[in-house]
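Visitor: Take a look and give me a structure for this.
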Amino acid sequence: MDCKPFSPDEARSVVQSLTKPAVFLNMTTDWPALHWTVKHLSSCLTDSIRFRIGKRTEERAPLFETECSYIEATLKEFLSWTAKDGESSVGPFSDCKFKEFWAYADYKYIAQLFQDKPAMFQDVVWSDFGFAGRDGCDSTLWIGTQGANTPCHLDSYGCNLVFQIQGRKRWHLFPPDDTRSLYPTRIPYEESSVFSRVNVVQPDLKKFPAFRRTRAHTVILQPGQVLFVPRHWWHYVESLDPVTVSVNSWIEMDIDDEARVQEALTKTIVCALKSAPSSDNDDHWLNPTEERVSSHDENMQYLNLAVKACKDKTGHRTEDRTLLAGSGKHDSSGLLKTLASDSSSGIPFGPHLIPVNCEVHLAKKPRFTCPKDTSCSRGDSSLSQTLSAHTECKGEPGCDVELIESSGLHAHQEAGSSDGGEAGVHISTNDMLECLVHPDVIALITGLLMHRQRELCY
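Guide: I've put the predicted structure just below:
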């Protein structure tokens, strides 16, 4: 007899209805993957895998993957390192004291890890959530130590189901409306992700004052539980126990073709600028998850295909939604928000489905106003409105200049220079890039591209 709290159809209906993160309980009690501890996996996987290494420090800036060290090791070597606290470790981890460093084998495709053991794919039963035929083959494996973390980011496409197997992880989640207050960046570049410049657990509020406005939703995910992360929700994940194992399945549902155009446009701009030789353009900008830098011809071909698909599907509606990108509220990818309700009525929250609650509500946080123009302090003001208001008030005391910073617009002035003269300003390639790929700018350009395509049809 099936004693699970939700049938596959019910679980899928819940997932499709949720607009906020939630945790499913008692849905994986019979999944064979519950036994996928590191000890068990070490006997199934004998080849070396890549671990990302970081120091256990409380830095004010995120440690991006481009800044980490990497070690190739087997799971047995990894397990030996963790079991002995690394004090007498030999092999690949010999230079890393366990108490000083963390290690993370993140985003490992199960289909590649166990390609010679395909029967293991069936140990992960995503079909219980109504996704027929989906199993471990469509999932990634994450193995880490205490302190291992994923920098705060949002996934451009789809939603996530996360199955915790061993140890606990703390998830910090932020809604799409918090995007500007999280200071989004496309450097390092990863096609499917947008990163935050803020270390959300040790934020530098002087540098990122708008972060005060964010509404963190936190949960500690326990073994056997499944977390649902909706599309475009920001998340920072940290491992709490000596060893953690989890499985993540990314699910593409209802992807807007217009979002594809915006992603293709972003990729074209980033690759074009960052591939250009320059004295200030030598940083490690491509995330290790990306195999290579696409050529400009490849990116333009992808952009043309995305525009064609969007035009064929949406017709003339695209212009109405994005040409006036400066008006109204936008989601984290720059798309205009719909009027869909955020109501959770009808969702069966209870002992088997727990909502991930907000730690601090926006209304309880201090807000700042601009003495010249109240529109300067609104989180929903467009980029053009924000710039206009700030230009008028010229940064007078009380002006909410953090929205300017969150747009990626930095005026690097030398101490004592207040006239903004040539000697006090340096605009780097990354500064310019942050402006060009700002969600509002990308949405506007997308609308203009689609408008031009419509004109060419006549």
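Visitor: wouldn't Val200 be in contact with His217 here?
Guide: No. Judged on Cβ atoms under 8 Å, Val200 makes no contact with His217 at a distance of 11.6 Å. For every residue, glycine as well, the C-beta is placed using N, CA and C.
Visitor: Between the two, which contacts overlap?
Guide: His172, Phe174 (Cβ atoms under 8 Å, 6 or more residues apart in numbering).
Visitor: For Ala306, pull up the helix or strand it's in.
Guide: Per DSSP states H and E: Ala306 is located in helix 296-314.
Visitor: What is that helix packed up against?
Guide: If you count contacts as 3 or more Cβ pairs under 8 Å, 6 or more residues apart in numbering; DSSP states H and E, helix 296-314 packs onto helix 257-274, helix 439-456.
Visitor: Could you give me the buried positions within stretch 99-115?
Guide: Phe101, Trp102, Ala103, Tyr104, Ala105, Asp106, Lys108, Ile110, Leu113, Phe114 (16 or more other Cβ atoms under 10 Å).
Visitor: so who does the nearest residue to the second one once chain neighbours are set aside touch?
Guide: Counting by Cβ to Cβ, 6 or more residues apart in numbering, Gly147 is the residue found nearest to Trp102 once chain neighbours are left out, at 3.7 Å. Neighbour list for Gly147: Gly54, Arg56, Trp102, Glu238, Ser239 [criterion: Cβ under 8 Å, 6+ apart].
Visitor: In three-state terms, how would the first one be classified?
Guide: Judged by DSSP: H, G, I helix; E, B strand; the rest coil, the three-state class of Gly54 is strand.
Visitor: Burial check on it, number of neighbours?
Guide: Using other Cβ atoms under 10 Å, Gly54 is surrounded by 20 other residues.
Visitor: Would you mind measuring from it to Arg168?
Guide: Distance of Gly54 to Arg168, computed by Cβ to Cβ, to the nearest Å: 19 Å.
Visitor: what do you get for Ser279?
Guide: Applying Cβ to Cβ, the value for Ser279 to Arg168 is 46 Å.
Visitor: do the same with Arg56
Guide: When distance is defined by Cβ to Cβ, Arg56 is 17 Å away from Arg168.
Visitor: Those two - which one has more neighbours?
Guide: Using other Cβ under 10 Å, the more surrounded residue of Arg56 and Arg168 is Arg168, with 17 against 14.
Visitor: OK, contacts around the more buried one?
Guide: By Cβ under 8 Å, 6+ apart, the contact set of Arg168 is Ile220, Leu221, Gln222, Pro223, Ser239, Leu240, Asp241, Thr244.
Visitor: filter those to the buried ones?
Guide: When these are checked for burial by 16+ other Cβ under 10 Å, the buried set is Leu221, Pro223, Ser239, Thr244.
Visitor: What score does the residue nearest to Trp102 have for pLDDT?
Guide: On pLDDT, Gly147 comes in at 95.
Visitor: does it sit in a helix, a strand or a coil?
Guide: Assignment for Gly147 (three-state DSSP): coil.
Visitor: Please apply the same query to the one 3 residues further on.
Guide: Here Thr150 takes the strand state, with states given by three-state DSSP.
Visitor: shouldn't it be in contact with Tyr236?
Guide: Yes. Thr150 is in contact with Tyr236 according to Cβ under 8 Å; the separation is 6.7 Å.
Visitor: so how far is Leu34 from His217?
Guide: His217 is 26 Å from Leu34, by Cβ to Cβ.
Visitor: More neighbours: which of the two?
Guide: Shown here are His217 and Leu34; by other Cβ under 10 Å, His217 has more neighbours (20 against 16).
Visitor: Surely that one and Tyr236 touch.
Guide: No. Using Cβ under 8 Å, His217 is not in contact with Tyr236, being 11.1 Å away.
Visitor: which residues are in contact with both of those two?
Guide: Contact with both His217 and Tyr236 is made by residues His172, according to Cβ under 8 Å, 6+ apart.
Visitor: Next, the residue nearest to Ile49 when sequence neighbours are not counted: phi, psi?
Guide: Leaving aside its sequence neighbours, Ile49 sits nearest to Ala105 (Cβ to Cβ, 6+ apart; 5.2 Å). Main-chain dihedrals, Ala105, degrees, to the nearest 10: phi -90, psi 90.
Visitor: burial of Ile347, as a residue count?
Guide: Applying other Cβ under 10 Å, we find 16 residues neighbouring Ile347.
Visitor: Spit out the contact partners of it.
Guide: Val14, Ser17, Leu18, Ala22, Leu353.
Visitor: again, only this time at 10 Å
Guide: Ile347 makes contact with Ser13, Val14, Ser17, Leu18, Thr19, Lys20, Ala22, Leu353, Pro355, according to Cβ atoms under 10 Å, 6 or more residues apart in numbering.
Visitor: Dig out what the residue nearest to Ile49 forms beta bridges with.
Guide: Beta-bridge partners for Ala105, by DSSP bridges, are Ile143.
Visitor: Wait, it touches Asp47, no?
Guide: No. Ala105 is beyond contact range of Asp47, at 11.9 Å (criterion: Cβ atoms under 10 Å).
Visitor: Identify the contacts common to the two.
Guide: Common contacts of Ala105 and Asp47, defined by Cβ under 10 Å, 6+ apart, comprise Leu75, Leu113.
Visitor: which stretches of the protein have low pLDDT?
Guide: Within the chain, the ranges that satisfy pLDDT under 70 run 1-2, 84-90, 253-255, 314-345, 360-424, 458.
Visitor: run the last query once more with 50
Guide: Applying pLDDT under 50 to the chain flags the ranges 1, 316-342, 361-420.
Visitor: all helices of it, in order?
Guide: Assigned by DSSP state H, the chain shows helices spanning 8-17, 38-44, 75-83, 110-113, 257-274, 296-314, 317-322, 383-393, 402-406, 429-436, 439-456.
Visitor: for those helices, which one sits closest to Ser156?
Guide: Ser156 lies closest, by Cβ to Cβ, to one member of those: helix 257-274, at 5.7 Å.
Visitor: tilt between the closest one and helix 296-314?
Guide: 160 degrees (axes from the mean of the first three to the mean of the last three Cα atoms, to 10 degrees).
Visitor: Alpha carbons of helix 257-274, as PDB, please.
Guide: Extracted C-alpha coordinates of helix 257-274, given in PDB (Å, rounded to 0.1, in the frame of the first residue of the first chain):
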ATOM      1  CA  ASP A 257      11.000  32.200 -25.300                       C
ATOM      2  CA  GLU A 258      11.700  35.800 -24.500                       C
ATOM      3  CA  ALA A 259      13.900  34.800 -21.600                       C
ATOM      4  CA  ARG A 260      15.900  32.700 -24.200                       C
ATOM      5  CA  VAL A 261      16.500  35.900 -26.200                       C
ATOM      6  CA  GLN A 262      17.600  37.800 -23.200                       C
ATOM      7  CA  GLU A 263      20.100  35.000 -22.200                       C
ATOM      8  CA  ALA A 264      21.400  34.800 -25.800                       C
ATOM      9  CA  LEU A 265      21.800  38.600 -25.900                       C
ATOM     10  CA  THR A 266      23.600  38.600 -22.500                       C
ATOM     11  CA  LYS A 267      26.000  35.800 -23.600                       C
ATOM     12  CA  THR A 268      26.800  37.700 -26.900                       C
ATOM     13  CA  ILE A 269      27.600  40.900 -25.000                       C
ATOM     14  CA  VAL A 270      29.700  39.200 -22.300                       C
ATOM     15  CA  CYS A 271      31.700  37.100 -24.600                       C
ATOM     16  CA  ALA A 272      32.400  39.900 -27.000                       C
ATOM     17  CA  LEU A 273      33.600  42.300 -24.300                       C
ATOM     18  CA  LYS A 274      35.500  39.800 -22.200                       C
END
